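Colleague: Give me the fold of what follows.
(one chain, ligands or ions: 1)
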Amino acid sequence: MTGELSPERVTALLDTRWLGRSLRCLASVTSTSDVARADGRAGAPHGHVVLAEFQTSGRGRRGRVWLAPPGQNLALSMLLRPSLPIDMAPTLTLIAALACRDTLAEWGVTASIKWPNDLLIDGRKVAGILSEMGLANGKLDQVIIGIGLNVNLDPRALPEPVSETATSLAAHLGQPLDRASLLACLLRHLEAAFDEMARGDVERLLDRYSRHSATLGQRVRVQLEGTPPFEGVAIGLTRRGALRVQHDSGEIRDILAGDVEKVRGVGGGQ
Ligand code: BTN
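Modeller: Below is the predicted model of the structure:
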C-alpha cells in the first residue's frame, strides 16, 4: 500500500518523543513553511510538524520554486526552537540532510549530500531542504526546516529542465513506497540527529555528513550573490556548516550561502 497521509495513520506509526507529536496534515497550502511559521507565532511547540499533499507556492533555496504534483511526495516543515547560537542554524540544516540520507539508507537507497543540503541519487536530486530562521531579541527564536522528498513521483511529469535532473525513490526502486511509514522513519532519524546536536556532538555529525558528501574533495564552481563565480577545491566544512573552498591561488574561503556546482570532467566523483 502506498498510503495516505492522514494524521491518524502518521501518528499511529510515529515512534518519536517530541518531533511530530504536534502535527497538522493539510490538503493544500501555499507552503508548509508559511503554515509552520504562522503556527509558531501562535505558540506551536518545538517539534511541531506541518505536512501538505500540495503546495501552491512551494519554495526552494535562493528564491527558486519547488514543484511537486499532489499526493505523491512528502512536503513537510518542522518548527524547531533550538537552544543554539544564531550562527549554528546552518549546521542544523546540514544535520537534517544527514538524517534524510540515513532514512533513505534504511529504505535501501544510497544517497549522497550535495552541499549544503540536496540529496542526490546517482547525481539526480531526490530531496531538497529549505531552512528559514526567525529571531527575537537578537536570539534564535524559531527555525523552520522544510523538506521536499520525491517519493512516488514520476520525474518525467516535471517540466524541463527539472525532469532531467530530478529523481524519486519510486523511480529508483521501481516500486511505490508507503509515504506514512517513510515519514515516520524520517522523523525518527531527524529527532535522533537533532538530539545528538543538542548534546553537543556536532563534530561527530559533521564527520558523518562529510563521509556522505558529494561535494567534498571535488573541484567546484562557486557562485555567490552579486560577485563573479570562482573555482577551487572543496576541502572541508566548518562547525558553522560553511563549505571551505581552496582557490587555485591558495586562498581559502568559507562559503556560508551560495550555489556550488561540481566542475565536470575534473576531480572524479559522480
Ligand atoms: C531546495 O532544494 O531548494 C529546497 C526545497 C525545499 C522544499 C520544501 S517542500 C516543504 C517545504 N515547503 C516549501 O515551500 N519548501 C520546503
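
Colleague: packing partners for the longest helix anywhere in the chain?
Modeller: Longest helix in the chain, counting residues (DSSP state H): helix 179-198. If you count contacts as 3 or more CB pairs under 8 Å, 6 or more residues apart in numbering; DSSP states H and E, helix 179-198 packs onto helix 7-13, strand 74-80, helix 89-106, strand 139-149, helix 202-211. Using the backbone N, CA and C atoms, a C-beta is placed for each residue, glycine as well.

Colleague: Which of these sits closest to the ligand?
Modeller: Closest of the helices and strands packed on helix 179-198 to the ligand is strand 139-149, at 2.6 Å (criterion: CB to the nearest ligand atom).

Colleague: So what's the gap between whichever helix or strand comes after that closest one and the chain middle?
Modeller: Downstream of strand 139-149, the next assigned helix or strand under DSSP states H and E is helix 162-165. When C-alpha coordinates are averaged (CA atoms, centre = their mean, to the nearest Å), helix 162-165 and its chain have centres 18 Å apart.

Colleague: ok, now stretch 102-119?
Modeller: Per CA atoms, centre = their mean, the centroid offset for stretch 102-119 relative to its chain is 10 Å.

Colleague: circling back to that earlier point, could I get the buried residue list for the longest helix of the chain?
Modeller: The neighbour-count check on helix 179-198 (16 or more other CB atoms under 10 Å) flags 179-180, 182-191, 193-194, 196-197 as buried.

Colleague: Then stretch 168-178?
Modeller: Buried residues in stretch 168-178, defined by neighbour count with 16+ other CB under 10 Å: Ser168, Leu169, Ala170, Ala171, His172, Leu177, Asp178.

Colleague: The ligand: which of those is nearest?
Modeller: Ser168 (13.8 Å).

Colleague: quick one: contacts for that closest one?
Modeller: Gln72, Asn73, Val126, Asn150, Val151, Asn152, Leu153, Asp154, Pro155 (CB atoms under 8 Å, 6 or more residues apart in numbering).

Colleague: From those, pick the one nearest the ligand.
Modeller: The closest of the contacts of Ser168, once distances to the ligand are taken by CB to the nearest ligand atom, is Asn73, at 8.3 Å.

Colleague: backbone phi and psi for the closest one, please?
Modeller: Taking degrees, to the nearest 10, you get phi -120, psi -170 for the backbone angles of Asn73.

Colleague: Now do the contacts for it.
Modeller: Here Asn73 is in contact with Gly148, Leu149, Asn150, Val151, Asn152, Leu153, Ser168, Arg179 (CB under 8 Å, 6+ apart).
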